[in-house]
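K.L.:
Model the following, please.
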Amino acid sequence: MDFTFTIIELALMVLLFIVAKWAVKNVSNKWRLLYAAPSFVVVCMLIFIGFDVHHTGIYAAVALQIAALFMGNDSADEKAVRPKRILAIVSAGLIIISVVIISIAPSYHRLPIYDDFNKAFDVMKKHYILDVEKGIDWDKLYAKYKPLFKEADRTQSHIENYKLWKQFTTEFYDGHVGYQMGSEGLARDAFLRIYGNDFGLSLAKLSTGEYVAVNVEGYDKSYSVLNEDEDDLGYYMVKDMYLNKSADRLTLKNAGIKNGTVITKWNGKPIEDYYDSISYYMEQMPVRENEEFYLPMYVAGIGKNMDYGETYVQGEVYESKTGAKIDSDPEVDITYLDENGEEKTITAPSLGVYAMRLWDTQKKIDDGVNITNLTWQQVNDDTYMIRISEMVYDQETYTGSDYSKMEDELREQVLDLKAEGIKNIIFDLRSNTGGSPFFVNGVAKLFAPEGEHVSYYSAVINAATATYERGADGKYIKGVPEIYQGEDLWKDGKIILLVNAYTVSGGDDMTYTMGQYPNVKIMGFTSSNSSCQAVTQETMDIGALSFSAVPNLDENGEMMIDTRTDRVCGTPFDEKIPFTEEAVEAIFDEGTDFLLNYVEKSF
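P.N.:
Numbers count the residues shown, from 1 in each chain. Predicted coordinates:
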């Protein structure tokens, strides 16, 4: 694809050299569009391939043509033709140089998949701080993944590389362990290809135990394969490449399957029979109970005679891990209960790749209120809600520890609410991505009981080895405590923190800290993520690996918050909100915020 774009750009430069004379003599919009064409091609390159340093010559050539666009437009003199032609020649030369570079650069043609794995593994083995708590056997882990990464390196599959990193990072059940590919184009393609095929629905498990269809294709509030209105991931613009345009997208709706329809079997098997095959997720889920909430959503991408994660794209042929040859769009047999409670089975075609519907399903269930960070919103006469989507006040403050400006602003707002007679506050921490611990302390201190509080202890680092060493008891050695003074501004009122499995890092920290206050209750479909150590990132040739690298300790010298081998939640969680038929209807049919409404009523 990159060579195709390069040839198009080179052809455009030749054309611009030829037409320079007419472009100067006959100034019009058609010539301006022609000179803008190279820029349009580069935009397409960035969308489909992503930024690549090897294409710098092409980017520079296009920049020159943008300059040429504004040259000679106020003169019909043939002398104005010369600069345009010179720029066309220089641009063509830059493109040719770029072609030579990508032709001889080994790193461009071959992805160092195995080398990246070895480099990242060695760094993580030395500096990952939760290996004891997580029960990590480094030798066993290396023995498992070494041959897999070697094979991916042999086949040069960026998709298998991405999938293997997803599997590898899941071994740590740590929300701070993650992999990111360097190339936007390769990352986008891999992301769309590792969650199976879209059969027109997602699956969810009700609190009563039944599995139901959700986000069903063809209904007004559901995700649609035809949807181009949103672009949260930057993928809607390219997903059309992966669609099955001949499939009947309304197969399920025409059969009477809607949001809330009970699904009894998937390809003739109970849905839970697929659970053991699901080896990675879009985001890490350290808490086992949280993981169980999301598992059905991932089953919905598994086609007939296909393994988890195998995704067929039209025009391709490959052999499934199940041994089946896949050279046509897959199908799935869905067994469901009709309106009379009778069991029926329908064969549904693949509509394309499942990643987008899966992403959309999780967003509909998990997203917090869509307002600016640290913004208040009235819920009813007695209750206000504050949205905290990340632990960030402003860029200047984020790099330091002084959050006094934020504290003063928030203190004034809280006192104003108190003066108005407001009795209840909801902190919407759903899908909070984390941030500064000083932000957390700055908010928490306003609501903490009066007196001194320790939020966490640092660990002592060995300067010679640049590692945190454990004492004779196996624990890290406690260092300096982080202390804040509680102001108890809301001691006569009630507070609820609304969380989910993607409330991570600083979000976990706030949940842990404020969950210990006497007037605070933690609620959600799931508990928070339970990942709270400080993070570092190791950059490799084709990707980057993040992992927990700096310990945060409690008063007993134990790791705060993060799950151990039992995978039990490490943050307070007072009430698990039931996922009911009413929740499905509110979220997927009405498009309302079921969780916020539930929490409001719970006061």
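K.L.:
Which residues are in contact with Thr592?
P.N.:
Thr592 is in contact with Ala586, counting by CB atoms under 8 Å, 6 or more residues apart in numbering. Every residue, glycine included, has its C-beta placed from N, CA and C.
K.L.:
Dihedrals phi and psi, it?
P.N.:
Backbone torsions of Thr592, given as degrees, to the nearest 10, read phi -100, psi 170.
K.L.:
distance of it from Val369?
P.N.:
Thr592 sits 12 Å away from Val369 when distances are taken as CB to CB, to the nearest Å.
K.L.:
Between the two, which contacts overlap?
P.N.:
Taking CB under 8 Å, 6+ apart as the contact rule, Thr592 and Val369 have no neighbour in common.
K.L.:
Point out where the protein drops to low pLDDT.
P.N.:
Using pLDDT under 70 as the threshold, the predicted model of the chain has low-confidence ranges 1-3, 22-32, 48-50, 69-80, 103-109, 229-239.
K.L.:
Could I get the full set of helices for the stretch 101-250 of the chain?
P.N.:
Assigned helices in the stretch 101-250 of the chain, in chain order: 106-109, 113-127, 131-134, 138-155, 158-170, 184-192 (criterion: DSSP state H, counting those that start in this stretch).
K.L.:
Need the residues that contact the second one.
P.N.:
Under the contact criterion CB under 8 Å, 6+ apart, helix 113-127 has outside partners 131, 138, 142, 145-146, 149-150, 152-153, 156, 161, 164, 466-467, 536, 538, 540-543, 545, 547, 549.
K.L.:
Go through that helix and flag the buried ones.
P.N.:
In terms of neighbour count (16 or more other CB atoms under 10 Å), helix 113-127 has its buried residues at Ile113, Tyr114, Asp116, Phe117, Lys119, Ala120, Phe121, Val123, Met124, His127.
K.L.:
what's the answer for the last one, then?
P.N.:
Buried residues in helix 184-192, counting neighbours by 16+ other CB under 10 Å, are found at Glu184, Gly185, Leu186, Ala187, Arg188, Asp189, Ala190, Phe191, Leu192.
K.L.:
okay, those residues in a markdown table with distance to Asp574 next?
P.N.:
Formatted as a markdown table, the entries for those read as follows, by distance: CB to CB, whole Å:
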| residue | distance to Asp574 |
| --- | --- |
| Glu184 | 41 |
| Gly185 | 45 |
| Leu186 | 43 |
| Ala187 | 38 |
| Arg188 | 40 |
| Asp189 | 42 |
| Ala190 | 39 |
| Phe191 | 35 |
| Leu192 | 38 |
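K.L.:
Going by distance to Arg430, which of these wins?
P.N.:
The shortest distance between Arg430 and any of those, using CB to CB, involves Phe191 and amounts to 22.5 Å.
K.L.:
And the closest one, how far from Met282?
P.N.:
In this structure, Phe191 and Met282 are 9 Å apart, going by CB to CB.
K.L.:
What's the local residue count around Ser39?
P.N.:
Other residues near Ser39 come to 14 when the count uses other CB atoms under 10 Å.
K.L.:
and what of Val480?
P.N.:
Val480 is surrounded by 9 other residues when neighbours are defined as other CB under 10 Å.
K.L.:
now do Val214
P.N.:
The local packing of Val214 (other CB under 10 Å) involves 28 other residues.
K.L.:
Now do the contacts for it.
P.N.:
Listed by CB under 8 Å, 6+ apart, the contact set of Val214 reads Leu201, Ser202, Leu203, Ala204, Asn259, Gly260, Thr361, Val584, Ile587, Phe588.
K.L.:
Verify the contact between Gly591 and Ser222 for me.
P.N.:
No: proximity of Gly591 to Ser222 does not meet the contact threshold set by CB atoms under 8 Å, at 9.8 Å.
K.L.:
In terms of neighbours, single out the busier of these two.
P.N.:
Under the criterion of other CB under 10 Å, the comparison of Gly591 against Ser222 puts Ser222 first, with 25 against 11.
K.L.:
In contact with the nearest residue to the more buried one once chain neighbours are set aside: list those residues for me.
P.N.:
If you skip the residues right next to it in sequence, Ser222 has Asn215 as its closest partner in space, 4.9 Å away by CB to CB, 6 or more residues apart in numbering. Under the criterion of CB under 8 Å, 6+ apart, the neighbours of Asn215 are Leu201, Ser202, Ser222, Tyr223, Asn259, Arg357, Asp360, Thr361, Lys364, Phe588.
K.L.:
Now the fourth one: closest residue in space, sequence neighbours ignored.
P.N.:
So that's Tyr223. Using CB to CB, 6+ apart and skipping the chain neighbours, the partner closest in space to Tyr223 is Asp360 (3.9 Å).
K.L.:
you'd agree that neighbour is in a helix?
P.N.:
Yes: secondary structure assignment (DSSP: H, G, I helix; E, B strand; the rest coil) places Asp360 inside a helix.
K.L.:
would you list every one of the helices in the stretch 301-450 of the chain?
P.N.:
Using DSSP H, counting those that start in this stretch, the helices of the stretch 301-450 of the chain run over residues 355-366, 395-398, 404-419, 437-447.
K.L.:
and Asn380, which of those is closest to it?
P.N.:
Once the helices of the stretch 301-450 of the chain are compared by CB to CB, helix 404-419 is nearest, at 13.0 Å.
K.L.:
That closest one to helix 437-447, inter-axis angle?
P.N.:
Between helix 404-419 and helix 437-447, the angle formed by their directions is 30 degrees, by axes from the mean of the first three to the mean of the last three CA atoms, to 10 degrees.
K.L.:
Helix 404-419 packs against which elements?
P.N.:
With contacts taken as 3 or more CB pairs under 8 Å, 6 or more residues apart in numbering; DSSP states H and E, helix 404-419 sits against helix 437-447.
K.L.:
follow-up on the earlier one: can you lay out the helices of the stretch 101-250 of the chain as TSV showing distance to Lys576?
P.N.:
Formatted as TSV, those follow (distance: least, CB to CB, whole Å):
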stretch	distance to Lys576
helix 106-109	49
helix 113-127	33
helix 131-134	24
helix 138-155	32
helix 158-170	23
helix 184-192	30
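K.L.:
ok, of the contacts of helix 113-127, which come out buried?
P.N.:
Judged by neighbour count, with 16+ other CB under 10 Å as the criterion, the buried members of these are 131, 145, 149, 152-153, 161, 164, 536, 538, 540, 542-543, 545, 547, 549.
K.L.:
Lovely, talk soon.
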